[in-house]
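Test case, fold it:
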Amino acid sequence: MAALLAMSGVHCVARAEAPRPQDIPYDGTITLQVDASDVSRRLFRVHETIPVKPGELVLQYAKWLPGNHAPNGPIDQLAGPLISAGGKSVEWLRDPLDVYSFDVTVPKGVGTLEIDLQFASPETAAQGRITMTPEMLGVQWEKMLLYPAGHYMSQIRFEPSVTLPSGWQFACALDGAQRDGQTVRFNTVALNTLVDSPLFAGVYFKRVPLDASPKAPVYLNVVADSPDELDISTPALAAHRKLVAEATELFGSRHFDHYDFLLAISDTFGAIGLEHHRSSEDGTGLGYFKQWDRMVERRDLLPHEFTHSWNGKFRRPADLWTATLNVPMQDSLLWVYEGQTQYWGIVLAARSGLWSGDLARGALAWMAAVFQDQRPGRSWRNLQDTTNQPIISPRRPQSYVSWQRTEDYYREGALMWLEVDTLLRARSAGKHSLDDFAREFFGVRDGSYVTMTYTFADVAKGLNDVLANDWSEYLRTRLDTHKNVAIDAALANAGWQLVFRDTPSVFLQRAQDANETLDRTFSIGLAIDKESKISQVIWDGPAFKAGLTLGTSIVAVNGRAYKSDLLDQAIRDAQDPARPVELLVRDFDRYRTVKLDYTGGERFPDLVRVNGTPDRLTDILRPRT
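Predicted coordinates:
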């Protein structure tokens, strides 16, 4: 084979095998200097100084990203590295079987390597998530560095610093920040803590205390596209402060010595919701505070990411804990990590006042309708298998999400946990609830932020400690079968019923306004974006049967130029079979007319009370503080 490769011009080189990580200290401290001042070119310029010994060394770039649950480290955005020692170039060789690993032979007599590289932030969304704009930036340290293989992250020490554009302010959960002009230096820290402590900076910045407790204070740090987006109304601030109080009451502990919400309000900086132990990266579009009464769709984001400090960061699925960022993760328990967190995000949004009870019920109604009516893909793909989705696909849009399924462990998982909560309440005559599980499972070891892992058996036992039941069998039935077994039971136990109305709920209307979409998936089986293109088609729905697909443009409705109100009127008129919805569409460079076989009128999900039953849902959403 080597001869054949040589004949074909392929260069065969023996490579150093990346050593297995060991729980032993790396000798010396790595200095990491990130120059984030080149905003106009969207470049992060990085210099590392790594203590080394002569011989073979493998340097690695982060591949498996925490919170992404996937091997999607953006190595394509890395330029360099240029490695030198004593002013002389040191060559490296990329591992052809693992392109995230770089093999280096450290020359004799060399004790330090100097590394220069650049991280090129995407300039358009098509290139990836934008992390640097003229107004703000985000530093995710793991994307700015190489680290030596063979050691646990907790055993590799870094001395980090960042240089910011002139006049910019910043927030970061790292300790010991000392500013000298544009450069900020932090205390020496282990790699696992460094990568768990991102930084936001911006021209327009505001820092607000949400809880001034000297033991574990919590801050809201906001960067925005313009100064008026920083104005926080009294009701908005009160709701965010109550979120901290409600989460503390729920879990009965704090697994951090301080916590920083990093919130970006922007139409250009990439949207994000990423959990960390002592902070979270949260990104929304314009109007989060400025249009407080209207922009409600993303208000469960901060409750969701805050919950992760307990569920996901302090307590973490055992197969998601890895010694380094290049050891493969497994996602089997994301229905707890993300699914239960999705549930608590909705509950805490309601308990804190970020959402009204009506908005929270609207969100649950939409979720229930989606998984009751719009997941025919369950017939071939169960809920458990969807936990593999982050590894299968890095959140690319799908042609037929209702059939292919996506990361359904979030929302379908949340509905399963709603059923668990209502079962606990019903079978204990109101004495126990999922709140007890949260406190006893995630709230242990108050004050500790040393990760504590859990397994499926631990989850089942934790539920059994709250109320005796065969929880293992219950959970496996919900996770492994192809039947829709949880949603109706969850709502019935909660004392509510899913119905469809001819007008959207406040939650749905606000969500459509924020996303600039027209969602008619529950009637004609499609959604339309702001450019009049189809953005979703429900498998086997009326639009699907008519041959419509994603990206197709809606040109006209019943002979008139497309407008959303004309489509809604056509859907209403189509209740008379003699007046079907007729669409003129453009697919690539071809025009055609299609008729939709649908007579059911407009349909939007909502919840109504079931008379004579306990209203457990209202109690679940009720504030505790």
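
Would it be right to say that Asp565 lies in a helix?
Yes - applying DSSP: H, G, I helix; E, B strand; the rest coil, one finds Asp565 inside a helix.

Could you give the number of residues near it?
9 (other Cβ atoms under 10 Å). To be clear about C-beta, it is placed using only N, CA and C from the backbone, and glycine gets the same treatment.

Please tell me how far it sits from Phe158.
Distance from Asp565 to Phe158, counting by Cβ to Cβ, to the nearest Å: 57 Å.

Then Phe371?
Counting by Cβ to Cβ, the gap between Phe371 and Phe158 amounts to 44 Å.

Compare those two (neighbour count), which wins?
Using other Cβ under 10 Å as the criterion, Phe371 and Phe158 rank with Phe158 on top: 24 against 20.

pLDDT on the host helix or strand of that one, on average?
Assignment of secondary structure by DSSP states H and E places Phe158 within strand 157-163. Strand 157-163 shows a mean pLDDT of 98.

Which residue, neighbours along the chain excluded, lies closest to the spatially most central residue of the chain?
In the chain, the centroid-proximal residue (Cα atoms, centre = their mean) is Gly273; its distance is 4.5 Å. Spatial nearest neighbour of Gly273, chain neighbours left out: Leu301 (5.1 Å); criterion: Cβ to Cβ, 6 or more residues apart in numbering.

Then Phe306?
Among residues not flanking Phe306 along the chain, Ala247 sits closest, at 5.6 Å (Cβ to Cβ, 6+ apart).

residues touching that neighbour, list them.
Residues in contact with Ala247 (Cβ atoms under 8 Å, 6 or more residues apart in numbering) are Pro303, Phe306, Thr307, Trp310, Leu348.

Now pLDDT too, for those residues, in JSON lines please.
Below are the contacts of Ala247 laid out as JSON lines (pLDDT from 0 to 100):
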{"residue": "Pro303", "pLDDT": "98"}
{"residue": "Phe306", "pLDDT": "98"}
{"residue": "Thr307", "pLDDT": "98"}
{"residue": "Trp310", "pLDDT": "98"}
{"residue": "Leu348", "pLDDT": "98"}
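
Look up how far Ala62 lies from Leu32.
Distance of Leu32 to Ala62, computed by Cβ to Cβ: 13 Å.

what does Leu584 give?
Taking Cβ to Cβ, one finds Leu584 at 49 Å from Ala62.

More neighbours: which of those two?
Taking neighbours as other Cβ under 10 Å, Leu584 and Ala62 compare with Ala62 leading, 26 against 18.

Now do the contacts for the more buried one.
Contacts of Ala62 (Cβ under 8 Å, 6+ apart): Gly73, Tyr100, Glu142, Lys143, Val195, Leu325, Asn326.

and which of these is nearest Asp116?
Nearest to Asp116 out of those is Lys143 (Cβ to Cβ; 15.6 Å).

which SS state does the closest residue in space to that closest one that isn't next to it in sequence fall under?
Using Cβ to Cβ, 6+ apart and skipping the chain neighbours, the partner closest in space to Lys143 is Phe119 (5.6 Å). With three-state DSSP as the basis, Phe119 sits in strand.

Tyr61 versus Phe119, what's the distance?
The gap separating Phe119 from Tyr61 is 10 Å, by Cβ to Cβ.

Overlap in contacts, these two.
Counting by Cβ under 8 Å, 6+ apart, the residues touching both Phe119 and Tyr61 are Leu78.

What strand or helix carries the residue nearest to Arg94 when sequence neighbours are not counted?
Using Cβ to Cβ, 6+ apart and skipping residues adjacent in sequence, the residue nearest Arg94 is Phe102, 5.8 Å away. Assigned by DSSP H and E, Phe102 belongs to strand 98-106.

so how far is Ala363 from the residue nearest to Tyr288 when sequence neighbours are not counted?
In this structure, Tyr288 finds its nearest non-sequential neighbour in Ile265, 5.0 Å apart by Cβ to Cβ, 6+ apart. Distance, Ile265 to Ala363, by Cβ to Cβ: 21 Å.

Arg624 reaches Leu250, doesn't it?
Yes - between Arg624 and Leu250 there is a contact under Cβ atoms under 8 Å: 7.1 Å.

Which of these two has more residues huddled nearby?
Using other Cβ under 10 Å, the more surrounded residue of Arg624 and Leu250 is Leu250, with 22 against 12.

Tell me the helix or strand right after the host helix or strand of that one.
Here Leu250, judged by DSSP H and E, is contained in helix 234-251. Once helix 234-251 ends, the next helix or strand along the chain (criterion: DSSP H and E) is strand 259-265.

Show the contacting residues for Ile272.
Arg129, Gly138, Ala264, Glu281, Asp282, Gly283.

Among those, which one has the most neighbours?
Ala264 (29 neighbours).

ok, it to Ile272 distance?
As for Ala264, its distance to Ile272 is 7 Å (criterion: Cβ to Cβ).

which neighbours do these two share?
Common neighbours of Ala264 and Ile272 (Cβ under 8 Å, 6+ apart) are Gly138, Glu281, Asp282, Gly283.

pretty sure the last one contacts Thr268?
No - counting by Cβ under 8 Å, no contact exists between Gly283 and Thr268, whose distance comes to 10.5 Å.

what pLDDT does the closest residue to Asp95 other than its chain neighbours get?
In space, and not counting its chain neighbours, Asp95 is closest to Ser101: 4.0 Å by Cβ to Cβ, 6+ apart. pLDDT recorded at Ser101 is 97.

Quickly list what Ser101 is bridged to.
Judged by DSSP bridges, the bridge partners of Ser101 are Gln60.

One more: Phe604?
Applying DSSP bridges, one finds that Phe604 bridges with Arg501.

Quick check: the gap between it and Asp502.
Counting by Cβ to Cβ, the gap from Phe604 to Asp502 is 7 Å.

related to what we said a few turns ago, now the residue nearest to Gly273. Its backbone dihedrals?
Dihedral pair for Leu301: phi -70, psi -50, per degrees, to the nearest 10.

residues contacting it?
The contact partners of Leu301, taken as Cβ under 8 Å, 6+ apart, are Gly273, Asp282, Thr284, Gly345.

run the last query once more with 10 Å
When contacts are counted by Cβ atoms under 10 Å, 6 or more residues apart in numbering, Leu301 touches 261, 263, 271-273, 280, 282-284, 288, 345, 349, 354.

In strands, which of those residues fall?
Counted as lying in strands by DSSP state E, out of the contacts of Leu301, are Phe261, Leu263, Gly273, Ser280, Asp282, Gly283, Thr284.

I'd like these as TSV, with pLDDT and distance to Thr451 appended.
Listed next are those as TSV, based on pLDDT from 0 to 100; distance: Cβ to Cβ, whole Å:
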residue	pLDDT	distance to Thr451
Phe261	98	21
Leu263	98	25
Gly273	97	21
Ser280	98	17
Asp282	98	22
Gly283	97	25
Thr284	95	29
